[in-house]
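Asker: need coordinates for the below:
(one chain, ligands or ions: 2)
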Amino acid sequence: MGIIIHAPFLYAQNIMIKAPETPYLVKPDSEFKIAAAATSPSDTNADKSAQKKELKRLRKLIGTLQHRLYAEDKHSLLLIFQAMDAAGKDSTIRAVLSGVNPAGCHVSSFKKPSSQELDHDFLWRSAIRLPERGRIGVFNRSYYEETLVVRVHPEYLRYQRLPDLPSDLADSNLQDIWAQRFESIREHEKHLTRNGTVILKFFLNVSLDEQKRRFLSRLNEPAKNWKFSADDLKERALWDKYMHAYEATLNATSTEYAAWYAIPADDKPFMRVEVARTIYAALQSINPQYPKVSKEELAEFAKLRQLLESE
Ligand code: ATP
Ligand code: MG
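Answerer: Ligands and ions are numbered 1, 2, ... in the order given. Now for the predicted structure:
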């Protein structure tokens, strides 16, 4: 009897980029309690102008490493953002990634699925928007909606016309569905990781009070009115159900190869720096390199240079 080697797992381990260790990493081997997760930073007196400077610095560094990621054309970076309404997904994406060459970065926003999307499995619509090698792909919402909003509104499952859906959609009857979805997501993310995609997942953790403040300013300030929708209040009323769904999702899907970060979101400047720092750390671990030019190519370049100069 020889030793059994689980080759695929070793292979995955070899090319795995370690999740940056930050205070907000949801550790795969520990239980995540959403009620205990911070929604604001511990230091509430932080120097705002220093935070702005730090964000600017990180944005530049992210831009530089993205250029190398693109040139190397080996890895891609997938950034997933999930949050309650008004947590600041859009503005964080804008603030953190505005130093990146737009040609190397693509943002996809996932809203209520279309009938074409509902005719496919739940990973399909995001799979076709995954970043190509060398690119950064941003998912503003994602397939995680399938264990978040759909868990809070199980009636949405009916539109998906799944085989063997129980007629009574009580959560206790749907445990298998959520467990299977978590498994599909973990396998999907493992597959992507093995193929060179580095995945970082951000849960922007806003408090109920801060969401109220932001909704009120959307209602009160004409320039923000367009951001408000009456449906936002309906979802707010289901806050506890959402928190339960987030907790279950983060516990089931924060893995060694695709970790979640639960970032306090009540203080936007702090949140942006924290997200930028995590992305920069991941890019540093990837450590992309410009392709090396061989001796032969360099010799050829010398000839070509002479040719051009003698024109
Ligand atoms: P904004 O910051 O502009 O409000 P948003 O991401 O909240 O951005 P909306 O158009 O307000 O965009 O909302 C999109 C809605 O689509 C959300 O309520 C979200 O939960 C819902 N949604 C996303 N994916 C799914 C899905 N797979 N099934 C059902 N609903 C979904
Ligand atoms: Mg919305």
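
Asker: for the stretch 1-150 of the chain, just list every one of the strands.
Answerer: Assigned by DSSP state E, counting those that start in this stretch, the stretch 1-150 of the chain shows strands spanning 76-83, 105-109, 136-140.

Asker: tell me which of those is the most buried.
Answerer: strand 76-83 (a mean of 24; mean count of other CB atoms under 10 Å). From N, CA and C alone the C-beta is placed, and that goes for glycine too.

Asker: any idea of the angle that strand forms with strand 136-140?
Answerer: Per axes from the mean of the first three to the mean of the last three CA atoms, to 10 degrees, the angle that strand 76-83 makes with strand 136-140 is 20 degrees.

Asker: show residues contacting strand 76-83.
Answerer: 69, 89, 92-93, 130-142, 144-145, 148, 192, 196-206, 246, 265, 279, 282-283, 286 (CB atoms under 8 Å, 6 or more residues apart in numbering).

Asker: before we move on, back to that, nearest to Asp232, out of the strands of the stretch 1-150 of the chain?
Answerer: Closest approach to Asp232 among the strands of the stretch 1-150 of the chain (CB to CB): strand 76-83, 12.5 Å.

Asker: need the CA coordinates for the closest one. CSV is fine.
Answerer: Taking C-alpha atoms only, strand 76-83 is exported to CSV below (Å, rounded to 0.1, in the frame of the first residue of the first chain):
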residue,chain,number,x,y,z
SER,A,76,-6.8,38.1,-12.2
LEU,A,77,-8.3,39.7,-9.1
LEU,A,78,-12.0,39.4,-8.3
LEU,A,79,-13.4,41.8,-5.7
ILE,A,80,-16.8,41.1,-4.4
PHE,A,81,-18.9,43.7,-2.5
GLN,A,82,-22.0,42.8,-0.5
ALA,A,83,-23.8,45.1,1.9
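
Asker: about what we covered before: in JSON lines: the strands of the stretch 1-150 of the chain, plus mean pLDDT and distance to Glu256.
Answerer: Below are the strands of the stretch 1-150 of the chain laid out as JSON lines (pLDDT from 0 to 100; distance: least, CB to CB, whole Å):
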{"stretch": "strand 76-83", "mean pLDDT": "98", "distance to Glu256": "16"}
{"stretch": "strand 105-109", "mean pLDDT": "98", "distance to Glu256": "25"}
{"stretch": "strand 136-140", "mean pLDDT": "98", "distance to Glu256": "20"}
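
Asker: Asn251 reaches Ser30, doesn't it?
Answerer: No. The pair Asn251 / Ser30 is not scored as a contact, 9.2 Å apart, by CB atoms under 8 Å.

Asker: so those two - more neighbours on which side?
Answerer: Neighbour tally, Asn251 and Ser30, criterion other CB atoms under 10 Å: the higher count belongs to Asn251, 17 against 10.

Asker: state the helix or strand in which that one lies.
Answerer: If you go by DSSP states H and E, Asn251 is part of helix 239-253.

Asker: ok, now Ile263?
Answerer: Going by DSSP H and E, Ile263 is part of strand 258-264.

Asker: by contact count, what packs against the following helix or strand past that strand?
Answerer: Counting by DSSP H and E, the element after strand 258-264 in chain order, helix or strand, is helix 268-286. Judged by 3 or more CB pairs under 8 Å, 6 or more residues apart in numbering; DSSP states H and E, helix 268-286 is in contact with helix 48-72, strand 76-83, helix 89-97, strand 197-205, strand 258-264.

Asker: report whether stretch 80-87 contacts ligand 1.
Answerer: Yes. Counting by CB under 6 Å from any ligand atom, ligand 1 has neighbours in stretch 80-87: Asp85.

Asker: so where is the protein shaky, pLDDT-wise?
Answerer: 1-15 (pLDDT under 70).

Asker: can you pull the residues of it lying near ligand 1?
Answerer: So the chain meets ligand 1 at 85, 90, 109-113, 141, 145-146, 149-150, 156, 227, 229 (CB under 6 Å from any ligand atom).

Asker: all helices for the stretch 101-250 of the chain, in order.
Answerer: 115-118, 124-127, 149-152, 156-159, 175-194, 208-220, 230-236, 239-253 (DSSP state H, counting those that start in this stretch).
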